[in-house]
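>>> attaching a predicted model along with its sequence, questions to come.
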Amino acid sequence: MKTTPTLIPGLRSPYEKLGGIYHLPRMLDKIRIHHEGRLPPDWVAAKGSAKGFDGRACRFLKIDHAAVETETVKGRTDDEMLAWIFANGRQPNEEEIEIWNGFMSKYGWRDFANERLQFRLTEVGLPIDAVKTMFDFIDLDEGRPVRFT
């Protein structure tokens, strides 16, 4: 069982926002870190996965992950990428962002993903009630303080 945090310098929490949108900065970080050759091998296969948060974010923004990756590795800043995504995908309104953030920040709590959350907690040697959401698990697993319990 894994008991030490997964430390990847430069990888932000899923709670970080870009354009008000949770997870978007993290997705861009993973692309950049992979481009630098620093993304752990087991993360490479999951990067951009349709089943993961990257895939959900891309569907929400109506943009292809491969296109985001191509543009990100050109050296664009977060703000430049946000403008590019809004121009080539869609720009959600404030209410849509509020709904997205609410859903994503509660993912794993009282829903179909709770079984996966419990599995991940057990996998790293923590009690199944250590955190209530996948965002909090990610922060805990990566050595950041848990924001909500």
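The structure has been received and is ready for your questions. Numbers count the residues shown, from 1 in each chain.
>>> all contacts plus neighbour counts: C-alpha atoms, from now on.
Noted.
>>> count of neighbours near Glu16?
Using other C-alpha atoms under 10 Å, Glu16 has 13 other residues around it.
>>> for the residue lying closest to it once chain neighbours are set aside, give its distance to Asp54.
Leaving aside its sequence neighbours, Glu16 sits nearest to Tyr22 (C-alpha to C-alpha, 6 or more residues apart in numbering; 5.7 Å). To Asp54, Tyr22 is 11 Å away according to C-alpha to C-alpha, to the nearest Å.
>>> over to Thr133?
Using C-alpha to C-alpha, one gets 17 Å for the distance from Thr133 to Asp54.
>>> next: Gly37.
19 Å.
>>> quick one, which of those two is more surrounded?
The neighbour count for Gly37 versus Asp54, taken as other C-alpha under 10 Å, is higher for Asp54 (21 against 11).
>>> okay, helices next: where are they in the chain?
24-35, 41-46, 53-61, 65-72, 78-88, 94-105, 114-123, 134-141 (DSSP state H).
>>> where among those helices is average confidence lowest?
Comparing mean pLDDT over these, the weakest stretch is helix 41-46, at a mean of 87.
>>> can I get that one in PDB, CA atoms only?
Provided in PDB are the C-alpha atoms of helix 41-46 (Å, rounded to 0.1, in the frame of the first residue of the first chain):
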ATOM      1  CA  PRO A  41       3.900   6.700 -16.500                       C
ATOM      2  CA  ASP A  42       0.700   5.500 -15.000                       C
ATOM      3  CA  TRP A  43      -0.700   9.000 -15.300                       C
ATOM      4  CA  VAL A  44       0.200   9.300 -19.000                       C
ATOM      5  CA  ALA A  45      -2.300   6.700 -20.000                       C
ATOM      6  CA  ALA A  46      -5.100   8.400 -18.000                       C
END
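>>> good, wrapping up.
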